[in-house]
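1. quick one, fold the following:
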Amino acid sequence: MRRFIKINGYLLHVFFAAALLLASCKGKEPEQKAVATVNDSPISLVELQKEVSSYSKLQPASKVTSQSLEEHLKTMIEKKIMIQEAMKKGLAEDERFVETIKKFWEQTLIRELINAKNKEWAERIYVTEDEIQKQYQRMQCAVTARVAKAKTRELAEGIRQKMLRGEHAEGEETVDSCFYEDVKLSALQNAFDMNSGEAKSFESDGEYIVIYVVKNEKTALRPLKDLHDQIKESLLGQKKQKAMTDWMEELKKSSRININTELLKAAGNGK
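-> As a prediction, the model looks like this:
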């Protein structure tokens, strides 16, 4: 094996020369020259370069030498031999293997898609100083509110009028002295932009949330300069999360989705 994969200084020179050539020839298909062959199955120079490049990113302190190239190629040869042996035994056709590969492929594809979207959002999503200031003001508040739900805008308006008259709506709840950090992912976060005695309704997940602010009090908080970066990072995360949710909803709207409700109901009943 040692003699078979021996790599000399000439091949190391070719390795770097090919890397430079590939970098300068965008749009052209690189020639897939084999640096080794295992049972008539080639390992191309490009494959070896990718393997070394990936390893270098994981281990920045590593150095590319004739010996390290030899070790990388040895590992690739051993992997190819084992894969060929597994194929001979028919393991690639095993149902468990196929299902595992399917799940890995799906997870990898989804991860790459999300990474691509995150990169896209990172180029256009930002947080302004006004947003940070407004968020800081919300964080200083302790809110006590009465909250009720309604199925339609009309019903929500009726509940809002009741609350303003001092009447209680059916099913309403009271949230006592809560802070923004406790409710920042719910419709109740709107209460922190409202004044005491004010009532409003907000659409949320296909229904309406009616909020009557009983009390909105200022509380002590560390200076903004101490919390600035933390608030900025939090707001950025919220914007990315909203972008992800909105994007998924748009994908759903543009997709044809049919659900067999009868079969789903039967499955829920254990049939």
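2. so Tyr208 is in which element?
-> strand 207-218 (DSSP states H and E).
3. name the helices or strands packed onto that strand?
-> Other helices and strands packing on strand 207-218, by 3 or more C-beta pairs under 8 Å, 6 or more residues apart in numbering; DSSP states H and E, are strand 141-150, helix 153-164, strand 199-204. In this view, the C-beta of every residue, glycine as well, is placed from N, C-alpha and C.
4. mind listing the strands the first one pairs with, and their directions?
-> If I follow you right, that is strand 141-150. Using DSSP bridges, strand 141-150 pairs in its sheet with strand 173-179 (antiparallel), strand 207-218 (antiparallel).
5. okay, these in a markdown table with distance to Ser44 next?
-> Shown next, in a markdown table, are the strands paired with strand 141-150 (distance: least, C-beta to C-beta, whole Å):
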| stretch | distance to Ser44 |
| --- | --- |
| strand 173-179 | 59 |
| strand 207-218 | 58 |
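6. most tightly packed of those?
-> Greatest average neighbour count among the strands paired with strand 141-150 goes to strand 207-218 (a mean of 18), per mean count of other C-beta atoms under 10 Å.
7. which element follows that one toward the C-terminus?
-> Counting by DSSP H and E, the next helix or strand C-terminal to strand 207-218 is helix 224-253.
8. phi, psi of Glu129?
-> phi -70, psi -30 (degrees, to the nearest 10).
9. quick one, grab the pLDDT at it.
-> Predicted confidence (pLDDT) for Glu129: 97.
10. picking that back up, of all the strands paired with strand 141-150, which one is nearest Gln137?
-> Checking the strands paired with strand 141-150 against Gln137 by C-beta to C-beta gives strand 207-218 as the closest, at 8.9 Å.
11. the strand or helix carrying Ile110 packs against which elements?
-> Per DSSP H and E: Ile110 is located in helix 95-122. Secondary-structure packing of helix 95-122 (3+ C-beta pairs under 8 Å, 6+ apart): helix 224-253.
12. please consider this matter closed, and thank you.
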